[in-house]
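Undergrad: Need coordinates for the below:
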Amino acid sequence: MKILGGFFALVVYLVSFSANSEVLPKNVLDTKEEFDKVGATVCSTAIASTVAFIVKGRAIDSQRQWDTKKPNQSAISIDFAAAGGKTDYSLTGSVYLIPVGNKCEGTYTYTVVFPGSNCQSVMTDKGFVAPDWSELMNDPNGDGGKVVFMSAVKSSDLSFIFNDVAGGCSMLKRESITKDVSK
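TA: Alright, predicted model coming up:
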């Protein structure tokens, strides 16, 4: 009976572990498989995991690009859109990676609009009014609002643009990334 109880506990643990592990949505997995199919395998997992990180499990519509002559030695990129819901806002973005030795280096960007909010309240709610952030520019945007360019004080690899738009605040995030692909 102890063996059966231990086995049952192991099964419950494994089921809960697998439920919490990152699972790529089917169309994000399709992105990786399409890059693999054309021979752009070096950065395919890195680009799929980056998109999955950004969209947090939501399905995407996408367009993918690669070099047809040397797909495994050249940059690959994806432009995508993820629909919003009651707890997540819709977003659009892109990821661009190029193989460099045993790494994939590049940039991702995405834009999300927070409806019914002005950018000052979004920046305050998200913690951007703090010593860790540097305001690079603050200009009127022509719509009666303002555009604010922010970057992390300790890293030039991360920046944000907040723009008051009709009915909300548009936030663009840009980050340079390096993914180790030797593992």
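
Undergrad: Tell me, how many residues neighbour residue 161?
TA: Counted with other Cβ atoms under 10 Å, the burial measure for residue 161 works out to 19 neighbours. (Glycine included, C-beta is placed from N, CA and C.)

Undergrad: For it, pull up the helix or strand it's in.
TA: Per DSSP states H and E, residue 161 falls inside strand 158-165.

Undergrad: by contact count, what packs against that strand?
TA: Secondary structure elements in contact with strand 158-165, counted by 3 or more Cβ pairs under 8 Å, 6 or more residues apart in numbering; DSSP states H and E, are helix 119-125, strand 146-152, strand 168-180.

Undergrad: Quick one: mean pLDDT over the last one.
TA: Mean per-residue pLDDT for strand 168-180: 93.

Undergrad: What score does the residue most central in space within the chain have for pLDDT?
TA: Taking Cα atoms, centre = their mean as the criterion, residue 54 is the residue nearest the geometric centre of the chain, at 2.5 Å. We note a pLDDT of 93 for residue 54 in this prediction.

Undergrad: which residues does the nearest residue to it once chain neighbours are set aside contact?
TA: Using Cβ to Cβ, 6 or more residues apart in numbering and skipping the chain neighbours, the partner closest in space to residue 54 is residue 110 (5.5 Å). By Cβ atoms under 8 Å, 6 or more residues apart in numbering, the contact list for residue 110 reads 54, 91, 92, 93, 94, 172, 173.

Undergrad: Residue 180 too?
TA: With contact set as Cβ under 8 Å, 6+ apart, residue 180 has these partners: 102, 103.

Undergrad: Pipe the helices and strands packed on strand 158-165 into CSV and attach distance to residue 138 per row.
TA: What follows is those, written out as CSV (distance: least, Cβ to Cβ, whole Å):
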stretch, distance to residue 138
helix 119-125, 10
strand 146-152, 5
strand 168-180, 14
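
Undergrad: quick one, which of those is nearest to residue 34?
TA: When the helices and strands packed on strand 158-165 are compared for distance to residue 34 using Cβ to Cβ, the nearest one is strand 168-180, at 18.5 Å.
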